[in-house]
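Asks: Everything below, folded, please.
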Amino acid sequence: MDGEGCRVTLWRKRGPWYCQGMDSFPPTHDLVDMAEFGEADEFASRLSRKEAGAYFTPDAVAATLVRWAVRDRNDRLLDPSCGDGSFVAAHARSVGVERDAASAGLARERAPAGEVHVGDFFAWAERTGERFHCAAGNPPFIRYQRFSGETRERALRICRDLGAAFSGLTSSWAPFLVATAGLLRPGGRMAFVVPAEIGHAPYAAPLLDFAVARFDTVHLVAIREKLFPDLSEDCWLLFADGYGGRTREIRLTVLDRFAPSDEPPRLFERIEVDGWRDAWRRRLRPFLMPRAAREVYRRVADAGEALRLGEVASVGIGYVSGANDFFHLRPSEARRLGIPKALLHPSVRNGRALTGPVLSRADVDRWLAADDPVLLLRLPKEGSLPPSVVAYLDGEAGRLARTAYKCRVRSPWHAVPDVQVPDYLLSYMSGQRPSLVRNDARCTATNSVHCVRLRSPELRPRLEAWGSPFVELSCEIEGHPLGGGLLKLEPREATQVVLPAPGQVRAEEDVLREATAVMRRWRHRAD
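Replies: Model prediction:
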């Protein structure tokens with residue numbers, strides 16, 4: 001889809017799960033009993049469940065987190081998004097908040113001794129005067145695009161008042177945890193399922209900054225095997241104890257798979273908060289790999305000889321046409337329509353075209369011979385256009401294309417902006433490793449790949465390190481898992497990839513390769 005489509009990821013808890021890419025929380029009463037479907041309807045049942053967001057927190061996970069949080073039978077427990085009540089049912093003196101009335105009804109049936117409030121948690125949090133000994137749950141994961149309106153404004157206001165300043169890109173779960181912490185009594189604690197994005201996403205860093213400044217203990221449990229096998233998202237567990245204190249370390253336990261337990265793991269690595277902030281740029285993912293590899297990486301990256309990719313070249317996204325099927329023509333279509341060759345430019349439409357270290361004219365000739373739709377209709381903003389082009393723009397396809405959002409908000413609608421011919425092309429989503437390809441064919445590219453432009457021709461030799469064991473590991477560290485085994489390199493992340501000087505990495509290549517294999521296993525991609 002050349003990067004212009006909408007990827008919907010469903011992510012949530014015991015009844016209902018909430019959706020990335022949905023306008024609101026899906027109503028539980030629209031769900032169906034999957035047990036009613038036979039084999040002939042298996043596909044339909046899975047689709048209905050996915051559309052409705054019906055994914056459930058395993059009972060063993062809920063019970064474990066409640067046991068971590070509750071220390072006395074008289075403790076008052078809060079679940080800020082209780083769904084159908086898996087957490088509040090695990091402890092008699094519980095309070096849950098759920099905005100979906102049908103789910104709240106199920107929670108009341110499961111936890112008759114508890115209290116379940118229907119409504120927006122953040123509005124409830126502003127009204128309540130009650131304070132809790134502990135909290136546990138699985139907060140809703142809603143991307144910033146859908147986490148909006150009055151609820152978002154209230155959530156961010158509560159967080160600011162508590163000392164956590166989130167960016168405009170924050171997802172819903174992080175403010176849920178901060179607001180929940182604000183309802184704890186001194187010495188209180190909380191235990192939550194969190195997305196693995198807590199280990200790398202910049203928007204999640206204010207949550208950890210808040211946690212280490214407000215709790216005596218902050219302990220994350222990274223779990224490689226998926227807690228929710230049907231979902232692309234990975235989950236970790238967060239335990240924070242001693243509200244009102246502070247700590248200078250983050251504890252991290254790394255596990256292959258979840259196992260029920262009565263208390264947080266006793267074995268963990270102590271990560272200095274200053275090192276997390278400075279050396280690792282608020283990322284915990286590097287601590288999934290062996291210490292020896294981290295030491296090699298830091299030694300090379302911090303040495304004066306090494307350069308970041310951003311010091312060698314600029315990295316940016318390609319153009320956004322707004323209507324790819326209209327603006328990209330097959331050679332046969334261009335001939336039939338009479339489009340002048342001067343207005344057509346060969347384009348790389350996705351990373352699958354980057355199959356070798358060099359993109360040559362022979363590659364383009366092969367695409368053209370196959371009649372692939374790789375010719376970008378590149379029209380000027382000003383001046384007259386040939387009659388054949390005007391006819392194409394005013395035809396049925398053109399009338400439809402100009403209604404697309406990106407087309408209708410630019411003037412003129414038919415002039416695709418930001419078309420450039422970069423020195424290199426870089427894949428930004430990859431299964432095994434990102435490809436950096438020299439653009440000898442002088443192609444342009446859509447926003448499905450990154451455009452890399454050298455800051456100086458003299459710096460070109462530094463890119464020869466690309467593909468080395470060190471740079472492959474650097475891509476894993478500086479990028480992030482996208483789901484489905486993919487590694488994603490945003491432009492900002494790509495600029496941080498470390499390019500060692502020739503001879504700077506000598507005897508440690510086996511250590512680096514093993515660390516890369518570990519990182520790929522954590523994003524569910526084997527070598």
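Asks: Val97 is in what secondary structure piece?
Replies: According to DSSP states H and E, Val97 maps onto strand 94-98.
Asks: and that strand, which strands flank it?
Replies: Note on strand 94-98: by DSSP bridges, its sheet partners are strand 77-79 (parallel), strand 115-118 (parallel).
Asks: which outside residues touch stretch 237-249?
Replies: With CB atoms under 8 Å, 6 or more residues apart in numbering as the contact definition, stretch 237-249 has outside contacts at 61, 65, 68-69, 177, 181, 184-194, 198, 211-221, 223, 258, 264, 270-274. Placement of C-beta: from N, CA and C, glycine included.
Asks: same question for it, mean pLDDT?
Replies: Stretch 237-249 shows a mean pLDDT of 98.
Asks: Can you list the buried residues in it?
Replies: Neighbour-count burial for stretch 237-249, counted by 16 or more other CB atoms under 10 Å, picks out 237-243, 247, 249.
Asks: Where strands are concerned, which of these count?
Replies: Under the assignment DSSP state E, those contribute 237-243, 249 to strands.
Asks: how about the strands in the stretch 351-500 of the chain?
Replies: For the stretch 351-500 of the chain, the strands defined by DSSP state E, counting those that start in this stretch occupy 358-359, 375-377, 424-427, 429-430, 436-439, 444-445, 449-454, 480-483, 486-488, 498-499.
Asks: okay if I get the ones you listed as CSV plus mean pLDDT, distance to Ile142 and mean neighbour count?
Replies: Shown next, in CSV, are the strands of the stretch 351-500 of the chain (pLDDT from 0 to 100; distance: least, CB to CB, whole Å; neighbours: other CB atoms under 10 Å):
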stretch, mean pLDDT, distance to Ile142, mean neighbour count
strand 358-359, 97, 39, 18
strand 375-377, 98, 36, 23
strand 424-427, 96, 29, 24
strand 429-430, 90, 23, 18
strand 436-439, 97, 35, 22
strand 444-445, 98, 32, 25
strand 449-454, 97, 28, 23
strand 480-483, 88, 16, 20
strand 486-488, 94, 20, 19
strand 498-499, 97, 34, 24
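Asks: among those, which is nearest Tyr203?
Replies: The minimum distance between Tyr203 and those falls on strand 480-483, with 11.9 Å, by CB to CB.
Asks: how distant is that closest one from the center of its chain?
Replies: Its chain's C-alpha centre and that of strand 480-483 lie 6 Å apart, by CA atoms, centre = their mean, to the nearest Å.
Asks: contact partners of that strand?
Replies: With contacts defined as CB under 8 Å, 6+ apart, strand 480-483 is touched by 9, 196-197, 200-201, 232-234, 285, 429, 487-488, 493, 522-524.
Asks: Redo the buried residues of stretch 237-249 as TSV? Include distance to Phe470.
Replies: Listed next are the buried residues of stretch 237-249 as TSV, based on distance: CB to CB, whole Å:
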residue	distance to Phe470
Leu237	32
Leu238	32
Phe239	35
Ala240	35
Asp241	38
Gly242	40
Tyr243	42
Thr247	33
Glu249	28
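Asks: ok, so of the residues you listed, who is nearest Tyr392?
Replies: For the buried residues of stretch 237-249, the nearest to Tyr392 is Leu238 (55.2 Å; CB to CB).
Asks: Show the model's pLDDT score for Phe141.
Replies: With respect to pLDDT, Phe141 scores 81.
Asks: Against Ala196, how distant is it?
Replies: Distance of Phe141 to Ala196, given as CB to CB, to the nearest Å: 11 Å.
Asks: Can I get the next helix or strand after the strand holding Val97 as CSV, trimmed to CA atoms?
Replies: Using DSSP H and E, the next helix or strand after strand 94-98 towards the C-terminus is helix 101-110. This file holds the C-alpha atoms of helix 101-110, laid out as CSV (Å, rounded to 0.1, in the frame of the first residue of the first chain):
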residue,chain,number,x,y,z
ALA,A,101,-21.9,-0.7,30.5
ALA,A,102,-22.2,-4.3,29.2
SER,A,103,-18.7,-5.2,30.4
ALA,A,104,-19.3,-3.5,33.7
GLY,A,105,-22.4,-5.7,34.1
LEU,A,106,-20.3,-8.8,33.6
ALA,A,107,-17.7,-7.5,36.0
ARG,A,108,-20.4,-7.1,38.7
GLU,A,109,-21.5,-10.7,38.2
ARG,A,110,-18.0,-12.0,38.5
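Asks: and the strand holding Val97, how far from the chain's centre?
Replies: Centroid separation between strand 94-98 and its chain, computed with CA atoms, centre = their mean, is 28 Å.
Asks: Please work out the average pLDDT along it.
Replies: On average, strand 94-98 scores 96.
Asks: follow-up on the earlier one: I'd like the strands of the stretch 351-500 of the chain as TSV, with distance to Leu78 appended.
Replies: Formatted as TSV, those follow (distance: least, CB to CB, whole Å):
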stretch	distance to Leu78
strand 358-359	56
strand 375-377	55
strand 424-427	44
strand 429-430	39
strand 436-439	49
strand 444-445	49
strand 449-454	44
strand 480-483	30
strand 486-488	35
strand 498-499	43
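Asks: quick one: which of these is nearest Ala92?
Replies: strand 480-483 (37.6 Å).
Asks: mind listing the helices for the stretch 201-350 of the chain?
Replies: Counting by DSSP state H, counting those that start in this stretch, the stretch 201-350 of the chain has helices at residues 205-214, 273-277, 291-301, 309-312, 324-327, 331-337.
Asks: Now for Pro80, how many residues are close by?
Replies: By the measure other CB atoms under 10 Å, the count of residues near Pro80 is 26.
Asks: Help me confirm that it comes into contact with Gly119.
Replies: No - using CB atoms under 8 Å, Pro80 is not in contact with Gly119, being 11.4 Å away.
Asks: looking at the strands paired with strand 94-98, which is closest to Asn439?
Replies: Closest among the strands paired with strand 94-98, once you apply CB to CB, is strand 77-79, at 52.9 Å.
Asks: Show me what the mean pLDDT comes to for the closest one.
Replies: For strand 77-79, mean pLDDT is 98.
Asks: ok, and what's touching it?
Replies: By CB under 8 Å, 6+ apart, the list of residues contacting strand 77-79 from outside reads 66, 69-70, 87-88, 91, 93-97, 132-137, 180, 183.
Asks: any idea how far Asp216 lies from Asp302?
Replies: Distance of Asp216 to Asp302, given as CB to CB: 31 Å.
Asks: likewise Leu227?
Replies: For Leu227, the distance to Asp302 equals 35 Å [CB to CB].
Asks: Same check on Pro112?
Replies: In this structure, Pro112 and Asp302 are 58 Å apart, going by CB to CB.
Asks: for Val212, same thing?
Replies: From Val212 to Asp302 the distance is 24 Å (CB to CB).
Asks: who's more crowded, Leu227 and Asp302?
Replies: Higher neighbour count among Leu227 and Asp302: Leu227, with 20 against 10, using other CB under 10 Å.
Asks: Spit out the contact partners of the closest residue to the more buried one other than its chain neighbours.
Replies: Nearest non-adjacent residue to Leu227, counting by CB to CB, 6 or more residues apart in numbering: Cys235, 4.5 Å away. By CB under 8 Å, 6+ apart, the contact set of Cys235 is 193-196, 223, 226-228.
Asks: Apply 7 Å and report the result again.
Replies: 193-196, 223, 227-228 (CB atoms under 7 Å, 6 or more residues apart in numbering).
Asks: Tell me which two in those are the farthest apart.
Replies: Val194 and Phe228 (12.8 Å).
Asks: Can you show me the strands along the stretch 1-150 of the chain?
Replies: Here the stretch 1-150 of the chain has its strands, by DSSP E, counting those that start in this stretch, at 9-12, 17-20, 77-79, 94-98, 115-118, 132-137.
Asks: still on that earlier bit, look up the residues that both of Pro80 and Gly119 are in contact with.
Replies: Contact criterion CB under 7 Å, 6+ apart; residues shared by Pro80 and Gly119: Val97.
Asks: Looking at this protein, which strand is longest?
Replies: Longest strand in the chain by number of residues (criterion: DSSP E): strand 184-195.
Asks: what's that one packed up against?
Replies: The helices and strands touching strand 184-195, judged by 3 or more CB pairs under 7 Å, 6 or more residues apart in numbering; DSSP states H and E, are helix 59-69, strand 132-137, helix 173-181, strand 235-243.
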